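**Student:** From the sequence below, what's the structure:
(one chain, ligands or ions: 1)
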Amino acid sequence: MRRPLLALAVVLTAIGAFTGGLAWLLDTPRPPAGASRAERLYLGLCATCHGPDGRGSWRAALFLVRPGRLNDAATLDRRSDQYLFDIIKYGGAPIGRPGMPAFGSTLTDDEIAELVAYVRALSRAR
Ligand code: HEC
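**Tutor:** Down below sits the predicted model:
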């Protein structure tokens with residue numbers, strides 16, 4: 001009589017451990033204490049795909065998203081601030097690069113401008 005209950009408990013524990021582990025794996029990195037607003041926004045909204053250092057996240061690779069490398073100075077130096085601003089605000093779709101979502105409804109123009117500066121700093125960090 002006890003067996004089915006035991007089996008149920010084992011299955012529930014296994015599901016709990018699996019989903020908990022997945023949540024832990026897929027969670028975005030916590031911003032350090034005293035992080036700037038741009039850093040918080042970047043880690044919260046962008047790191048899922050672009051990775052905390054801009055190299056591209058393996059989480060994104062899991063879903064076949066190819067975010068490129070934001071920390072590559074050679075590429076970033078060819079991009080104007082206006083280009084970076086527009087691709088963050090309107091997403092990549094208008095210029096035929098649909099992988100990059102639009103953040104115009106989530107972020108204010110000020111926040112986007114700070115993120116542009118943050119992304120530039122990432123490409124200079126190496
Ligand atoms: C859902 C995944 C995803 C998220 C979230 C995301 N991006 Fe992107 N991003 C991409 C992909 C994919 C590309 C490349 C699009 C392409 O080249 O087709 C890209 C491209 C870019 C580019 C252009 C790089 C270049 O050299 O042209 C910038 C800048 C950028 N992302 C910044 C950001 C910022 C800032 C955030 C957070 C506010 C962010 N992204 C959030 C997926 C994402």
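**Student:** I'd say residue 76 and residue 118 touch.
**Tutor:** No: contact criterion C-beta atoms under 8 Å: residue 76 and residue 118 do not qualify, at 11.6 Å. All C-beta atoms are positioned from the backbone trio N, CA, C, and that covers glycine.
**Student:** any common contacting residues for these two?
**Tutor:** Common contacts of residue 76 and residue 118, defined by C-beta atoms under 8 Å, 6 or more residues apart in numbering, are absent altogether.
**Student:** low-confidence ranges in this protein?
**Tutor:** Where the chain drops to pLDDT under 70, the residues are 1, 126.
**Student:** Please identify the residues of it in proximity to the ligand?
**Tutor:** Proximity of the chain to the ligand, by C-beta under 6 Å from any ligand atom, involves residues 45-46, 48-50, 60, 65-68, 70, 75, 79, 84, 87-88, 92, 97, 99-101, 103, 115, 119.
**Student:** Break this protein into its domains for me.
**Tutor:** Domain assignment for the chain, taken from automatic domain parsing, gives 1-30, 32-124.
**Student:** May I ask you to name the longest helix in the protein?
**Tutor:** Ranked by residue count under DSSP state H, the longest helix found in the chain is helix 3-26.
**Student:** from the domains of the chain, which stretch is densest packed?
**Tutor:** Mean neighbours per residue, mean count of other C-beta atoms under 10 Å, is largest over the domains of the chain for domain 32-124, with a mean of 15.
**Student:** Quick one: the helices in the protein, in order.
**Tutor:** Counting by DSSP H, the helices of the chain are 3-26, 37-41, 47-50, 58-62, 73-76, 81-90, 109-124.
**Student:** Quick check: which helices or strands does the longest one pack against?
**Tutor:** When contacts are defined as 3 or more C-beta pairs under 8 Å, 6 or more residues apart in numbering; DSSP states H and E, helix 3-26 packs onto no helix or strand at all.
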